[in-house]
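**Student:** I would like the atomic coordinates for the input below:
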Amino acid sequence: MASDGATIRHATREDVPTIYGLIHELADYEKSTDLVKATEDLLTKTLSHADPNNPSSFTPGYAKTFLITAPEGEVAGMALYFYNYSTWTAVPGIYLEDLFVKPKYRKRGYGKALIKKLAAEVVGLGGSRLEWSCLTWNTPSLEFYESLGAKRKDAWVGLRVEGDALTRLAGS
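**Tutor:** Next up is the predicted model:
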């Protein structure tokens, strides 16, 4: 929980429109709105949703979302994540796909609260690492992450195959 009484919980199916909106706000911040292909329908099908009657029970899906709600009642941000695995340590971890806090709620400790919640999730499953990527131009976020103890992985290069190249690779 953030120091001002904000609450964090796993998203339910009913939260999909909110998550969709936050994804678009994040894409706008990153000047990449034209790259968003997600729809509410796709998010409903592919995200794992908490059961409102049993928050420790989830629907099948590929990623989970923590939502942070400000004391005023508005969802202020999210941390969308999925589990990964380290062959070298033979234990799971979490990859944070997207962390976003609405501009009007920044500087309240909400980003830190979400990262701490994810760290606790990793520890709770016996994992050994929490990982994520950050755009090189996003100096405020890089400084924030480093203030939490995150280290840059400069020795690694991110790689991706997508679109037509992925289709060609799959068919080769």
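**Student:** ok, and what's touching stretch 89-103?
**Tutor:** If you take C-beta atoms under 8 Å, 6 or more residues apart in numbering as the criterion, stretch 89-103 is touched by 22-23, 25-26, 29, 63, 68, 76-86, 110-111, 114-115, 118, 121-122, 125-132. All C-beta spots, glycine's among them, are computed from the backbone N, C-alpha and C.
**Student:** let's go with 6 Å and repeat that
**Tutor:** For stretch 89-103, contacts defined as C-beta atoms under 6 Å, 6 or more residues apart in numbering pick out 22, 26, 76-85, 110-111, 118, 122, 125-132.
**Student:** Give me the buried subset of those residues.
**Tutor:** The neighbour-count test (16 or more other C-beta atoms under 10 Å) marks 22, 26, 76-81, 110-111, 118, 122, 127, 130, 132 as buried among these.
**Student:** Which of the residues you listed fall in strands?
**Tutor:** Here DSSP state E is the test, and the buried ones among the contacts of stretch 89-103 give 76-81, 130, 132 as lying in strands.
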